[in-house]
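> sharing a model prediction with you, sequence too.
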Amino acid sequence: MQGTNLNEHIRGSLEILVESADELRDLDQALGDGDLGITITAGSHAVVAELEKLSPTATPTEIARTCAKAFASANPSTMAALVAGALLNGSRTWEGKDEIGLAEATEFVTAAASSISQRGKSEVGDKTILDGIAAVAEALRTSSDSTEATDAAVRAAGRAVEETAGLQSRRGRASWLQERSIGLPDPGATAFQRLVEAWSRVSAATH
Amino acid sequence: MQGTNLNEHIRGSLEILVESADELRDLDQALGDGDLGITITAGSHAVVAELEKLSPTATPTEIARTCAKAFASANPSTMAALVAGALLNGSRTWEGKDEIGLAEATEFVTAAASSISQRGKSEVGDKTILDGIAAVAEALRTSSDSTEATDAAVRAAGRAVEETAGLQSRRGRASWLQERSIGLPDPGATAFQRLVEAWSRVSAATH
Amino acid sequence: MKKIINKPEDFVDEFVEGILLAHPDLVKTPGDDLRVLVRADAPLTGKVGIVTGGGSGHLPLFKGYVGKGLCSGVAIGNVFSSPSSDQIFEATKAVDGGAGVLYLYGNYGGDVFNFDLAGDLAELEGIETRTVLGRDDVASQPKDRRLDRRGVAGIFFAYKAAGAAAERGDSLDQVAAVAEDVVDHTATMGVGLAPTILPTTGRPSFELPDGEMEIGIGIHGEPGSRRGPLETADEIADHVVGALLEDLGLGEGARVAVLVNGLGATPLEELYLLYRRTHQILAERGIEIVRPYVGEYATSLEMAGASISLLELDDARLQLLDAPALSPFFQER
Amino acid sequence: MKKIINKPEDFVDEFVEGILLAHPDLVKTPGDDLRVLVRADAPLTGKVGIVTGGGSGHLPLFKGYVGKGLCSGVAIGNVFSSPSSDQIFEATKAVDGGAGVLYLYGNYGGDVFNFDLAGDLAELEGIETRTVLGRDDVASQPKDRRLDRRGVAGIFFAYKAAGAAAERGDSLDQVAAVAEDVVDHTATMGVGLAPTILPTTGRPSFELPDGEMEIGIGIHGEPGSRRGPLETADEIADHVVGALLEDLGLGEGARVAVLVNGLGATPLEELYLLYRRTHQILAERGIEIVRPYVGEYATSLEMAGASISLLELDDARLQLLDAPALSPFFQER
Ligand SMILES: Nc1ncnc2c1ncn2[C@@H]1O[C@H](COP(=O)(O)OP(=O)(O)O)[C@@H](O)[C@H]1O
Ligand SMILES: Nc1ncnc2c1ncn2[C@@H]1O[C@H](COP(=O)(O)OP(=O)(O)O)[C@@H](O)[C@H]1O
Ligand SMILES: [Mg+2]
Ligand SMILES: [Mg+2]
Ligand SMILES: [Mg+2]
Ligand SMILES: [Mg+2]
C-alpha cells in the first residue's frame, strides 16, 4: 500500500469508526468521564480533514504525523495524547519507506505499543488500550500475509477487549474505581478494536 | 399593685406565656424566620431569672427596666429590641410611682405603643404587634376599673389579632411576602395576645 | 443536611473562634463575648470608629470587613438574625477613640432596632454615634421608597470608602457623609437559584421549583421582584445591569466600579460569565468600568446565585476605593 | 441544572474572556487562543518561566495563580479535562525568557501525557523544560506509591514557592528543586459531601447517598479511601489532620503552613470550623501554625466539601511563601 492508498484507507476506516462514538461514550461514562465518544468523533473528523488537504505525494511517515497532530488537539485527553505519541513513534519506523506491507505494519504497531507503554507507564494487563495494541502487534507478527493478518488482528483485538472486562483498571480515571472497574470492558481498548474492525471492512471492500 | 406584687405577677404571666412558644414559632415560620418561639421562651426565662434576683424594694420603674434589659439580649431579634424599647419607654411613665393602678397601666401601655410605632416606623394596620398594643391601650383607657379593664384588654388583643389575619404585612420580614402574607395572623400581635391572656389568668387566680 | 458543622447551636461561636485563631494579628475580641470582634489595634485615638453587624452566614460579610481602612468592629448575630444591642454597645465602646462612632450596616428591621438601642446606650456614656444604612437592593422597593430598601453586597463599597475616610482622619460627620454618598450611588440586584439550608432548623431558606430562579432575591432568600424560568448568564446580566443602570440613571461617559458577587454555591467561573456580559453591556453604552471586583463578598451560606452591584464613581469615591485596606478577607494596596 | 451559564460548550471560553476583561493589567493571551493565558509582562528575559494547566472548573486553580511571584502561564482544558499539547506548547513559548520553563501541575494522566508531548515540542525548538507534579493527595495512594498520588489543593504551596524562586532569578534546576521540595513536604486530604453537576453533561460528578460523605475524595469527585456517615466538623478535622501528620511524620516542634480549602459550595464559616479544630489538634501536639490560609484555593465547581493541606516549613520554604505575589486571585505583600 502506497501513500494515496494509505491516506484513503485511513479516511475510510475513520468514517466507519465514528459510528461507534455512542458506544464508546457510554463505556467511558461508566468507567471514566464519558468524553471518549467526543475524542473519537472530533479526532477522526480532524484527521480526515487534514488528510484530505495532504498532497498525493505525501509519504507514509508524513501521513502518520499528520494524523498524530490532528488527533492530538481535536479533543485533548488521555487518549488523544497517547494515540498521538504512538502515531509519532510509529511514524519513525516508516522513515524513508514508500510502500507499506505487513512487515511495516507490524513494526508500526509494535512501536505504537511501546510508546503507549512508556508514556502511560503501563503494562499489558493494566486494562488499557495497550492490551489491544500489544495483542494486535503479536497477531501481525505471527501472520504470513496481509489477509490472514487482518483477520488475526480483528480476532486479537476482540479477544483483548473481552479479557479487559475481567480485569481491574490500573491506569487512568478508571483506576480510581478500583474493584468497581471489574466487569466492564476498557473503553480505550474497545475504541482500538472498532478501529481494527473498520480497517478490515475497508480492506475487504477494496480487494 | 406594688413592686413585689408586680414582680410576681409578671413572673407568673411569663410562665404561662412560654406555653405558647410552639404556636408562635409556627406562625413566625410561616411569615418570618421562625425564631419568635425562641425569643419568647429565652426572653421570658431571662426576665424571670433577673426578677427573682431583684430586691423586694425595687420600684415598678426598676422592675420594668430589668425586664427590658433581660429581654433585649436573650434572643436578639426585632421583637426583643422593640419590646425592650417599649418597656423602657413605659418605665419612664412610672418614674417616682410605687403603686400601679389602672391609670398607670394605661399610661405604660400607651407609651409602649408609641415607642414601637416610633422605633418600628409603623402604624396601626401595618399588621404588627403594634396593632395589639394600641388596641389594648385603647381598651384600658375606656375601662373604669381593673377587672373590667383586664377583660376588655383580653378581648381587644384577640380582636386585633383576628384583624391582622386579613391584612398584608407592611413591616419586618413578613412584609417581604407581600400578598402572600394575607390570611395568617401576625406572630408578634399573637404573642402579645397570649401575654395579655396570661396576665388575666394570673389576675383571676390572685383575686 | 450536608454541612460540616458540630452542634448547630455552637456554629457561630465556633467559626468566630476559628477566625480569631487564624488572624490574631488582625482582629481580637475586646471582652469575653465571641460575638464582638474589633480590629487588633482598636481603639485608634482621635479617629472615628465604624461598627457594623448583622446576622451570621454571610462571610466575608460582616466580620470580614473589620480591619485597617475598613470597619473597626462588628457585632455578630446568630445565623440570619440580629446581634443584641448589648453586643453592639460593647463593640462601640471598644472602638471609640474619642471621635465618635459610625454605625454602618444593612437595612433590616431587627438590626436597626438593636443598633438604635445601642446608640441610646452609647449616648448615655457620652459616645456620639451616627447611623448610615446600606440600602442598595433595588429589587426590594421601588425608587420612590429607596430609603426602605434592604442592604446587600453593595455595602462593601460603603465600608471601603468610609473606612478609608476614617483612616485619613475625617470627622464623624464627614465619615458619615462619605458613607451616605456611596450608598446613594450604589445599586445591587441578585438572582437566587437554590436556597441555603439553615443549620439550626435544617430547613431551606426559601422554596424554588427546579428550573426556576428568583430575580431580585434578598440575601436571606427574601422574595424578589419576580420568579421565572432559569435564564442564561447573558440574559440574567442583561436584566440585572439594565435595572441597575436605570436606577442609578447612568449613561454614556459614566465611570463605575462593578462587584459581581457569589451568594455561596455558585462557582467563580459563573461569576466571570456574568462579569463578561456586564463588561460588554457597559462598553456598548459608553460606560467605563474603572474597578472590577469578582468573587464572594457577601454570601448566604451555600445559597446558589449571584448579585451584581454598580457604584457610580467620581474622583473622590475612586480615591477612597483605592486607599489601602487590610482585613482577614480583603486587602487593597 | 442550577447554573448561570450560556451554551455549555462556550462555558470555558466565556469565563476566560471574563477574566481577561476584568484583569487586563495582570494577564493576557499571547495569541488568539483563549485557552492560553500568561502574565501580562511575559516573557521575563533571563528568568525561568513556570507553566501550569489542567481542566477547568477549579478556579482559582489553575488560571488564578498566573501572576507575579507565581506561575507565568497556564494552558486551560475543558471542564475537568486536559489542555492540548499545542496549547501547553504555546504557553511555553510565550513565557520562555531564555532560562527554561518548569511544568508544574497536578498528577493526572491526561495532563501528564499532554505536557510530556508539549515538552517534546519545546525541546525541538530549543526550550529546556523540567516537570514537577503536584501529588499531595494522601488518600489517593498509600505512602509507598506516593509518586502516583493525585495532585490537589496543596499545589498552591508549590506555585507560591517556585514562583518566588523564579522571580528572584533562580536557575531552572533550582526552581524545579524548590517545587519538588515543597511537593515532598505537602500533604492534603479532602472530604466530599455533595457532587458537582458537569455543565456539559448535566450529570453529577459522583453519586453519594444522603447523609454520607466520601473521605479522601479527589478534586473531580474521585472516590477516596472510604465512604461513611457524615461526621461533625471536629471529627472530620481529627481524621484528616491525623492522617496528614502521620503521612508527613510531623511531631512536636514542627512548623507548618495550613490550607483549609473549600471545594465550592461549602461556606467559609464551615472552613473556619475546620481551621479551629486543626489549630487545636496541632497546638495539642506542639506543632506551630506559622501561616494559615482559609478559603477557596482549588474548587470543583459547586461541589460541597473541603480539604486540609499541611506544608512542613523550614526557613527557606517560609521565606518563599512570604515573598510578594500578585495575581487576579491571590496577593501576598
Ligand atoms: N496510563 C495509561 N496507559 C495506557 N492507556 C491508558 C492510560 N490511562 C488511560 N488509558 C486509556 O485511555 C482510555 C481513556 O481515555 P480518555 O477517555 O481520553 O481518558 P480521559 O478522559 O481520562 O482523559 C482508557 O480506557 C484506557 O484505555
Ligand atoms: N417595624 C416594625 N414595627 C413594629 N413591629 C414589627 C416591625 N417589624 C416586625 N414587627 C413585629 O415583630 C414580629 C416578628 O418578630 P421577630 O420574630 O423577632 O422578627 P425577626 O425574626 O424578623 O427579627 C412581627 O410579627 C411583628 O409583629
Ligand atoms: Mg474519558
Ligand atoms: Mg422571627
Ligand atoms: Mg429573627
Ligand atoms: Mg477526558
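Yep, it's here. Ligands and ions are numbered 1, 2, ... in the order given.

> contacts only, for the closest residue in space to residue C:325 that isn't next to it in sequence.
Nearest residue to residue C:325 in three dimensions, chain neighbours excluded: residue C:69, at 3.4 Å (C-beta to C-beta, 6 or more residues apart in numbering or on different chains). The way it works is simple: take the backbone N, C-alpha and C, and place the C-beta from them, glycine included. Applying C-beta atoms under 8 Å, 6 or more residues apart in numbering or on different chains to residue C:69 gives the contacts C:160, C:163-164, C:167, C:323-326, C:332.

> which residues of the stretch 1-150 of chain C fall in helices?
Along the stretch 1-150 of chain C, the stretches classed as helices by DSSP state H, counting those that start in this stretch are C:11-22, C:85-95, C:109-124.

> okay, and whichever residue of chain A sits closest to chain B sits in which element?
Per C-beta to the nearest C-beta, residue A:33 is where chain A lies closest to chain B, at 41.8 Å. Take DSSP states H and E as the rule and residue A:33 turns out to sit in neither a helix nor a strand.

> how many other residues sit next to the nearest residue to residue A:98 once chain neighbours are set aside?
Using C-beta to C-beta, 6+ apart and skipping residues adjacent in sequence, the residue nearest residue A:98 is residue A:2, 6.1 Å away. Using other C-beta atoms under 10 Å in any protein chain shown, residue A:2 is surrounded by 13 other residues.

> any idea which of the helices of the stretch 1-150 of chain C is most buried?
Neighbour counts (mean count of other C-beta atoms under 10 Å in any protein chain shown) averaged over each of the helices of the stretch 1-150 of chain C peak at helix C:85-95, with a mean of 26.

> tell me the helices and strands packed up against it.
Packing partners of helix C:85-95 (3 or more C-beta pairs under 8 Å, 6 or more residues apart in numbering or on different chains; DSSP states H and E): helix B:60-74, strand C:36-39, strand C:49-56, strand C:73-79, strand C:101-106, helix C:109-124.

> what do you get if the cut-off is 10 Å, keeping everything else the same?
Applying 3 or more C-beta pairs under 10 Å, 6 or more residues apart in numbering or on different chains; DSSP states H and E, one finds that helix C:85-95 contacts helix B:60-74, helix B:78-93, strand C:36-39, strand C:49-56, strand C:73-79, strand C:101-106, helix C:109-124.

> tabulate the ones you listed (TSV), appending mean pLDDT and distance to residue B:190.
Output for the helices and strands packed on helix C:85-95, formatted as TSV (pLDDT from 0 to 100; distance: least, C-beta to C-beta, whole Å):
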stretch	mean pLDDT	distance to residue B:190
helix B:60-74	95	17
helix B:78-93	95	11
strand C:36-39	98	33
strand C:49-56	97	23
strand C:73-79	96	22
strand C:101-106	98	27
helix C:109-124	93	18
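
> might you report the residue contacts of residue C:316?
Going by C-beta atoms under 10 Å, 6 or more residues apart in numbering or on different chains, residue C:316 touches C:161, C:165, C:178, C:181-182.

> returning to what we had before: to ligand 3, which of the helices and strands packed on helix C:85-95 lies closest?
Smallest distance to ligand 3 across these (C-beta to the ion): 41.3 Å, for strand C:73-79.

> give the pairing partners of the closest one; include direction for each.
strand C:36-39 (antiparallel), strand C:49-56 (parallel) (DSSP bridges).

> can you redo these as a markdown table with distance to ligand 2 and mean neighbour count?
Converted to a markdown table, the strands paired with strand C:73-79 look like this (distance: least, C-beta to the nearest ligand atom, whole Å; neighbours: other C-beta atoms under 10 Å in any protein chain shown):
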| stretch | distance to ligand 2 | mean neighbour count |
| --- | --- | --- |
| strand C:36-39 | 20 | 27 |
| strand C:49-56 | 9 | 29 |
